[in-house]
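Visitor: give me a model of this one.
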Amino acid sequence: MGKDILPLDVLLAVPYVDTDEGFDISPDGKTLAFSWNANGHWEIYLLQLDIATATPRQLTHGSGAKFAPHWSPDGQKLAYVLDEEGGECFDIYIYDMATKQHTNITPGTPETIHPGISWSPDGQWLAFASNRSGRFECYKIPAQGGQVEKVLDVGYPPLKCFWSPNGRWLACVVEAKGQDYYTYIMPVEGGDPFPVSEEGVQISARDVSWSPEGERLAFNSDHYGRFDVGIFDLPTHQVTWLTDSDGDREAPAWSADGRRLVYVSGRGPVTVLEIQELEHASTIKYRMIRGVHHRPKFTPNGKRLIFSFNNPRNPDDLWMLNLANGSFRQLTRSMPRWLLPDVLVMPVEVTYPSLDGSSVPALLYRPASEALPHLAVINIHGGPNWLSQITWDPFVQHMVSRGWVVLAPNYRGSTGYGREWQLANQFDLGGGDTQDIVAGADYLVREGFARQGCIAVTGRSYGGYLTMTCLTQNADYWAGGSAAVPFLNWFTASEAERQDLSHWDQENFGNPETNRDLFYERSPFFYLDKVTAPVQLVCGAHDPRCPASESIQARDRLVELGKEVDLVLYEDEGHVFLKTPNVIDSKKRQINFLARVLEASHEQCE
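Guide: Numbers count the residues shown, from 1 in each chain. So this is what the prediction gives:
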């Protein structure tokens, strides 16, 4: 490698704070709990907020990845979850501040427990969602461990349960019809659950947050096309909408006095923070620099915000915003001092026409060299209900430092661009979205960024699936494709799926029996004979979402057909690789594969 190429293993070893399950602030506002891989392992850390010079202290040790810390209402205990092998069979642990003991209250969990857990306001119970019965339902368990009790089953798979501060209600967010999320509210003292609704009509509602008195529920919903924030008043069952704009508003959180709400505001790949004064309907926006903000929370005294932030030049870290003067203070420091941000590339937002003329938004990463054309990689995000944002991505930065152009399309099905675009590939998975990726290759050639045939494609999860649909539907476009944790066969993938994943597939792609022809047509496994470029498949043995069997059967079929294929299987990983050595090894293998196929295609083009 040349001297200007950023070492991939070094970039991937840069730690970052977990943003998916967030962090929590102790009830007295003095201590922050969060999950961080600062030492190469996902552990729970504590940070004293009232000491400006304090450094994070590691609370947990040992095997397994720890996430989702939640303080008990009295601040004397901390709940968190541990995933031993990446299979999402989390155990719930309780740490006692007085005895300094860690107790597993769900030992030997054979089922999936979603990591979003919630304390009852008296500290006696924890609520969570689990598929212990074979279907996902809401449960509660005594905080000291013991008999698990089912508390809610509404027929849809739940994701999270939230106890109201007054102890009267449980709010449960479920995967519902299509790509909607419903929120049901369960009276703890007895009675029938009822949904968040407007004028008697149930509406999509997620990202819920209880008001301090426990009689109002903030949520976000794309019921009217974009994600807006609303407040559902329990006594009257009335909805008050706080926002109405062309952007998305997510992750609302209340101030302790109930007078303000903070939420993340975004348009496509970048976000800002917004605070709304409820009495005056006034809004203040805060943004550090161009990038992505996650899950802001008020400190108990309402004087500061805690949130996480990242962009291509800053890994995910925790920050504090002083609301009195608008100043920001970094709380965790993941970026090594030797890595200068200026060597990392910020993308530009572009659009290009898909094969059917639809306008596809994308992020374009260009190397420092202005010489054209470049070798190029199309990097496909997973989901599909997700999007490529202006975020920290060592894999992309390394590719760009090699002199490659990287295009990250936000194909139809992506979030961040309105409900219509998000639903544009419903019952068409592997169809129009594949065309959007292929059109990205046409865009790179048309604009002079790359030569035809000197473009590789890669993606993870659903992005791995689209990598394989590209290689089978438009084989002559690609120098090669690397698919990480993909699925390739809709039939076998459906048979192996958990109930919540199967529910989503049926709501958005149909039933394998009644939609057999579509399932066959959109399964790249049945068209592997059309592949002309080298293929790489990367998978984890404990993957509950895209089982390793999907990659193994595809490898066997490609070998049978005499195709070039490379299978990389990690026996101790699941869908998301949690062990830093495996993350580094897998990404290096992907880069080596992509470099080999791109250089070979370049020689043929010369």
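Visitor: how does the chain divide up, domain by domain?
Guide: If you go by automatic domain parsing, the domain ranges for the chain are 211-331, 345-605.
Visitor: which among the ones you listed is found nearest to residue 177?
Guide: domain 345-605 (6.3 Å; CB to CB). For every residue, glycine as well, the C-beta is placed using N, CA and C.
Visitor: can I get the longest strand along the chain as PDB, trimmed to CA atoms?
Guide: The residue-count maximum for a strand in the chain (DSSP state E) belongs to strand 450-460. Output in PDB follows, covering the C-alpha atoms of strand 450-460 (Å, rounded to 0.1, in the frame of the first residue of the first chain):
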ATOM      1  CA  ALA A 450     -15.200   5.200 -13.200                       C
ATOM      2  CA  ARG A 451     -15.000   3.000 -16.200                       C
ATOM      3  CA  GLN A 452     -17.700   0.400 -17.100                       C
ATOM      4  CA  GLY A 453     -16.700  -2.900 -15.600                       C
ATOM      5  CA  CYS A 454     -14.300  -1.400 -13.100                       C
ATOM      6  CA  ILE A 455     -16.900  -1.000 -10.400                       C
ATOM      7  CA  ALA A 456     -17.400  -3.400  -7.500                       C
ATOM      8  CA  VAL A 457     -20.400  -3.700  -5.300                       C
ATOM      9  CA  THR A 458     -20.700  -4.500  -1.600                       C
ATOM     10  CA  GLY A 459     -23.200  -4.400   1.200                       C
ATOM     11  CA  ARG A 460     -24.300  -5.800   4.500                       C
END
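Visitor: show me what that strand is packed up against.
Guide: If you count contacts as 3 or more CB pairs under 8 Å, 6 or more residues apart in numbering; DSSP states H and E, strand 450-460 packs onto strand 374-380, helix 432-446, helix 462-473, strand 480-484, helix 580-605.
Visitor: ok, now which ones touch residue 92?
Guide: 79-81, 104-106, 113, 117, 126, 128, 141 (CB atoms under 8 Å, 6 or more residues apart in numbering).
Visitor: again, only this time at 6 Å
Guide: 81, 105-106 (CB atoms under 6 Å, 6 or more residues apart in numbering).
Visitor: quickly name whichever of the residues you listed is closest to residue 233.
Guide: residue 81 (32.4 Å).
Visitor: which element, helix or strand, includes that closest one?
Guide: Assigned by DSSP states H and E, residue 81 belongs to strand 77-83.
Visitor: how about that strand as PDB, C-alpha atoms only?
Guide: Taking C-alpha atoms only, strand 77-83 is exported to PDB below (Å, rounded to 0.1, in the frame of the first residue of the first chain):
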ATOM      1  CA  LYS A  77     -28.800  -0.200  40.600                       C
ATOM      2  CA  LEU A  78     -28.000  -0.400  37.000                       C
ATOM      3  CA  ALA A  79     -29.600  -2.800  34.500                       C
ATOM      4  CA  TYR A  80     -27.900  -3.800  31.300                       C
ATOM      5  CA  VAL A  81     -28.000  -6.700  28.800                       C
ATOM      6  CA  LEU A  82     -25.200  -9.100  27.700                       C
ATOM      7  CA  ASP A  83     -24.900 -10.900  24.400                       C
END
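Visitor: what does that strand contact?
Guide: Applying CB under 6 Å, 6+ apart, the external contacts of strand 77-83 come out as 33, 44, 64-71, 90-96, 115, 117.
Visitor: go again with 8 Å.
Guide: Contacts for strand 77-83 (CB under 8 Å, 6+ apart): 33, 35, 44, 59-60, 64-72, 89-97, 104, 113, 115, 117, 119, 123, 126, 143, 574, 578.
Visitor: pull out the buried members of those.
Guide: By neighbour count, with 16 or more other CB atoms under 10 Å, the contacts of strand 77-83 hold 33, 35, 44, 59-60, 64-72, 89-95, 97, 113, 115, 117, 119, 126, 143, 574, 578 as buried.
Visitor: all helices for the stretch 51-200 of the chain, in order.
Guide: For the stretch 51-200 of the chain, helices defined by DSSP state H, counting those that start in this stretch do not occur.
Visitor: most packed of the helices and strands packed on strand 450-460?
Guide: Most buried of the helices and strands packed on strand 450-460, by mean neighbour count (mean count of other CB atoms under 10 Å): strand 480-484, with a mean of 29.
Visitor: I'd like the mean pLDDT over that one, please.
Guide: For strand 480-484, the mean pLDDT works out to 98.
Visitor: and that strand, which strands flank it?
Guide: For strand 480-484, the paired strands and their directions (DSSP bridges) are strand 450-460 (parallel), strand 535-540 (parallel).
Visitor: how about the helices and strands packed on strand 450-460 in TSV, adding distance to residue 311?
Guide: Putting these into TSV (distance: least, CB to CB, whole Å) gives the following:
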stretch	distance to residue 311
strand 374-380	17
helix 432-446	22
helix 462-473	21
strand 480-484	23
helix 580-605	20
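Visitor: low-confidence bits of the protein, can you list those?
Guide: Scanning the chain for pLDDT under 70 picks out 1-3, 605-606.
Visitor: could you double-check that residue 343 sits in contact with residue 6?
Guide: Yes. Counting by CB atoms under 8 Å, residue 343 sits close enough to residue 6 to count as a contact (6.8 Å).
Visitor: what touches both of those two?
Guide: Residues touching both residue 343 and residue 6 (CB under 8 Å, 6+ apart): residue 401.
Visitor: more neighbours, those two?
Guide: The neighbour count for residue 343 versus residue 6, taken as other CB atoms under 10 Å, is higher for residue 6 (17 against 12).
Visitor: how much space between the more buried one and residue 585?
Guide: 18 Å (CB to CB, to the nearest Å).
Visitor: and what of residue 382?
Guide: Residue 382 is 20 Å from residue 585, where distance means CB to CB.
Visitor: among the domains of the chain, which comes closest to residue 39?
Guide: domain 345-605 (8.9 Å).
Visitor: circling back to that earlier point, give the partner strands of the strand holding residue 81 in its sheet and their orientations.
Guide: Partners of strand 77-83 in the sheet, by DSSP bridges, are strand 65-71 (antiparallel), strand 91-96 (antiparallel).
Visitor: what's in contact with stretch 222-233?
Guide: Contacting residues not belonging to stretch 222-233 are listed as 196, 198, 203-205, 211, 215-221, 238-250, 252, 261, 263, 276, 418-420, 422 [CB under 8 Å, 6+ apart].
Visitor: which of the residues you listed fall in helices?
Guide: Residues of these located in helices (DSSP state H): 419-420, 422.
Visitor: for residue 230, see how far away residue 529 is.
Guide: Counting by CB to CB, the gap from residue 529 to residue 230 is 51 Å.
Visitor: again with residue 449
Guide: 43 Å.
Visitor: now the contacts of residue 92 in CSV, with distance to residue 369 and neighbour count?
Guide: Formatted as CSV, these follow (distance: CB to CB, whole Å; neighbours: other CB atoms under 10 Å):
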residue, distance to residue 369, neighbour count
81, 45, 27
105, 56, 17
106, 53, 22
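Visitor: out of these, flag the one nearest to residue 525.
Guide: Among the contacts of residue 92, residue 81 lies closest to residue 525 (CB to CB), at 34.0 Å.
Visitor: name whatever forms a beta bridge with the closest one.
Guide: Beta-bridge pairing of residue 81 under DSSP bridges involves residue 67, residue 92.
Visitor: does residue 303 touch residue 327 like I think?
Guide: No. If you go by CB under 8 Å, residue 303 and residue 327 don't touch, sitting 11.9 Å apart.
Visitor: settle it for me: which of the two has more neighbours?
Guide: Neighbour count, other CB under 10 Å: between residue 303 and residue 327, residue 303 has more, with 13 against 9.
Visitor: residues contacting that one?
Guide: Listed by CB under 8 Å, 6+ apart, the contact set of residue 303 reads 322-324.
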